[in-house]
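Asker: Predicted model and sequence follow; I will ask about them next.
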Amino acid sequence: MTWAHEGATTADDDLDQLTFEDEEQPSEVGDEDTSNSEIESGREDSGESGEKKTRRARRGVDRGLVRRVAAKVVEVTEADGSDVSVLAGLLGTSEDPVEVTVGIMTAGRANLAPLAEVENFAVMDATERAIGVMTMDRPKRNDLWKTLQALGVVDGNIPRADANAALELSKVEIPDIALSQIERVRDLAKKS
């Protein structure tokens, strides 16, 4: 199952921004020649204002990042399949552990917003739920339904009419097991 809520970014959206650190990059200061000792010290002279500017030496792939990504792939591989399914849906990826990991490492906080909506919904009574649903825009309401569906709380499609959707969602009882799964999914979604 692959779905991502409105306003969320997918892993593919952010892949364009990744660069390899061992690629030669142009100087941030200009076309001036910079000696190796200045690069190694992390400083170079701009020549114009006399101020020292920091510059990160590009010397290869960050080993710490590689370790975190590898550990996350292992964690996703060993995680409960239903937790991975829910997370993949939120991130807009397939359930493949590598794809889910890429999604985790590149996604923003907005991707997990439907989990918080479900938690908020769990503490509301039926009237508050109905009012809450009526005040939601359609994409947010659909995201809530899809998340509840992925958690096994609701079946089928959300009613198209706003009043019917509010009525259906006001009847929803969110069991403790679904709230426990939300916590597991949130822990799995951590980048570290």
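Answerer: Cool, the structure landed. Numbering: from 1, shown residues only.

Asker: use CA for all of it now, contacts and neighbours both
Answerer: Fine.

Asker: Looking only at stretch 61-76, what residues are buried by neighbour count?
Answerer: Val69, Lys72, Val73, Val76 (16 or more other CA atoms under 10 Å).

Asker: same question but for stretch 96-110, I mixed them up
Answerer: Quick answer for stretch 96-110 (16+ other CA under 10 Å): Pro97, Val98, Glu99, Val100, Thr101, Val102, Gly103, Ile104, Met105, Thr106, Ala107.

Asker: residue boundaries of the helices in the protein?
Answerer: 11-15, 36-41, 63-78, 81-91, 97-106, 113-122, 126-135, 138-150, 162-170, 176-188 (DSSP state H).

Asker: so which of these gets nearest Gly156?
Answerer: Closest to Gly156 of the helices of the chain is helix 138-150 (CA to CA; 7.8 Å).

Asker: Against which helices or strands is the closest one packed?
Answerer: Here helix 138-150 touches helix 81-91, helix 113-122, going by 3 or more CA pairs under 8 Å, 6 or more residues apart in numbering; DSSP states H and E.

Asker: Can I get that helix in PDB, CA atoms only?
Answerer: What follows is the C-alpha trace of helix 138-150 in PDB, where atoms were taken according to Å, rounded to 0.1, in the frame of the first residue of the first chain:
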ATOM      1  CA  ARG A 138     -11.100  17.000   2.600                       C
ATOM      2  CA  PRO A 139      -7.400  16.000   2.100                       C
ATOM      3  CA  LYS A 140      -6.800  16.000   5.900                       C
ATOM      4  CA  ARG A 141     -10.000  14.000   6.500                       C
ATOM      5  CA  ASN A 142      -8.900  11.500   3.800                       C
ATOM      6  CA  ASP A 143      -5.500  11.200   5.400                       C
ATOM      7  CA  LEU A 144      -7.100  10.500   8.800                       C
ATOM      8  CA  TRP A 145      -9.300   7.800   7.200                       C
ATOM      9  CA  LYS A 146      -6.400   6.200   5.400                       C
ATOM     10  CA  THR A 147      -4.300   6.100   8.600                       C
ATOM     11  CA  LEU A 148      -7.200   4.600  10.500                       C
ATOM     12  CA  GLN A 149      -7.700   2.100   7.700                       C
ATOM     13  CA  ALA A 150      -3.900   1.200   7.700                       C
END
